[in-house]
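Have a look; sequence and predicted model below, questions after that.
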Amino acid sequence: MRILSRFIRFPRSEDGTVTAEFVILFPAFLALFLASFESGLMMIRNVMLERGVDMAVRELRLGTAVPPTFDEFKQEVCDHMDMVTKDCANVVQVQLEPVDMTTWGPLNGTPRCIDVESTMDPIDATNYTIGQNNELMLVRVCALFDPIFPTTRMGVMTAYNNRNDYALVATTAFVNEPSR
């Protein structure tokens with residue numbers, strides 16, 4: 001009889017209504033929070049990558065020092081990318097090539113990023129050209145980053161490789177100053 005009375009009172013009871021709303025709405029709010037945090041971090045990383053490229057290219061463009069080698073230029077970009085990644089030299093790839101003034105073509109193909117799962121470097125120092133005086137140069141830098149929350153929709157949609165890293169690309173152009 002006692003069990004039967006509980007089943008009769010159960011549909012009329014209002015206990016736990018707040019819990020039901022919480023269980024329904026909490027995942028949506030959590031997903032919104034995680035996505036906004038991930039996109040904010042992605043924006044900070046993109047701004048710092050752009051800053052690093054701009055600062056490194058400024059020194060290269062003015063030609064105030066001996067032209068840097070491929071590894072030196074990559075390290076220069078990394079030095080100006082504050083608080084972005086600890087392993088910068090292994091996740092950043094640089095393309096620096098002159099623009100063909102007859103066709104005005106951009107850099108060939110899509111941005112090439114480092115394949116962290118491979119021991120081969122897709123771009124080596126042979127594709128790194130400082131250029132001549134008054135020559136228009138294009139620079140493209142690709143960096144791979146780990147998402148903080150890779151299982152969220154933001155992390156899944158931006159996946160670049162099998163490790164769920166996402167790629168950020170910074171592109172700029174400059175003209176080599178005439179040497180003195």
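Arrived safely. Residues are numbered from 1 along each chain as shown.

For this structure, name the helix or strand with the lowest mean pLDDT.
Least confident element among the helices and strands of the chain, by mean pLDDT, DSSP states H and E: helix 153-157 (a mean of 61).

Who are the packing partners of the strand or helix carrying residue 32?
Taking DSSP states H and E as the definition, residue 32 sits inside helix 17-62. Helices and strands touching helix 17-62, as assessed by 3 or more C-beta pairs under 8 Å, 6 or more residues apart in numbering; DSSP states H and E, comprise helix 70-80, strand 136-145, helix 153-157, strand 166-175. To be clear about C-beta, it is placed using only N, CA and C from the backbone, and glycine gets the same treatment.

and the ones you listed, which one is worst for confidence?
Lowest mean pLDDT of these: helix 153-157, a mean of 61.

Poorly predicted segments of the chain, please.
Applying pLDDT under 70 to the chain flags residues 1, 9-16, 63-65, 83-85, 107, 109, 114-129, 152-163, 179-180.

Residue 174 and residue 131 touch, don't they?
No. Using C-beta atoms under 8 Å, residue 174 makes no contact with residue 131, being 9.2 Å away.

so what's in contact with these two at the same time?
residue 137 (C-beta atoms under 8 Å, 6 or more residues apart in numbering).

how far away is residue 19 from residue 25?
In this view, residue 19 and residue 25 are 11 Å apart by C-beta to C-beta, to the nearest Å.

Find the residues that touch each one of the two.
By C-beta under 8 Å, 6+ apart, no residue touches both residue 19 and residue 25.

looking at it, residue 136 is touching residue 172, isn't it?
No. With contacts counted by C-beta under 8 Å, residue 136 stays clear of residue 172, the gap being 11.5 Å.

Just name the most buried of the helices and strands packed on helix 17-62.
strand 136-145 (a mean of 21; mean count of other C-beta atoms under 10 Å).

Dump that strand to CSV, keeping only the CA atoms.
Extracted in CSV, the C-alpha atoms of strand 136-145 (Å, rounded to 0.1, in the frame of the first residue of the first chain):
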residue,chain,number,x,y,z
LEU,A,136,58.7,42.1,-53.8
MET,A,137,58.7,39.3,-51.3
LEU,A,138,55.9,37.2,-49.9
VAL,A,139,56.1,35.6,-46.5
ARG,A,140,53.8,32.9,-45.2
VAL,A,141,54.1,31.4,-41.8
CYS,A,142,52.1,28.5,-40.6
ALA,A,143,51.9,27.4,-37.0
LEU,A,144,50.2,24.3,-35.4
PHE,A,145,48.6,24.5,-32.0
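
Done for today, thanks.
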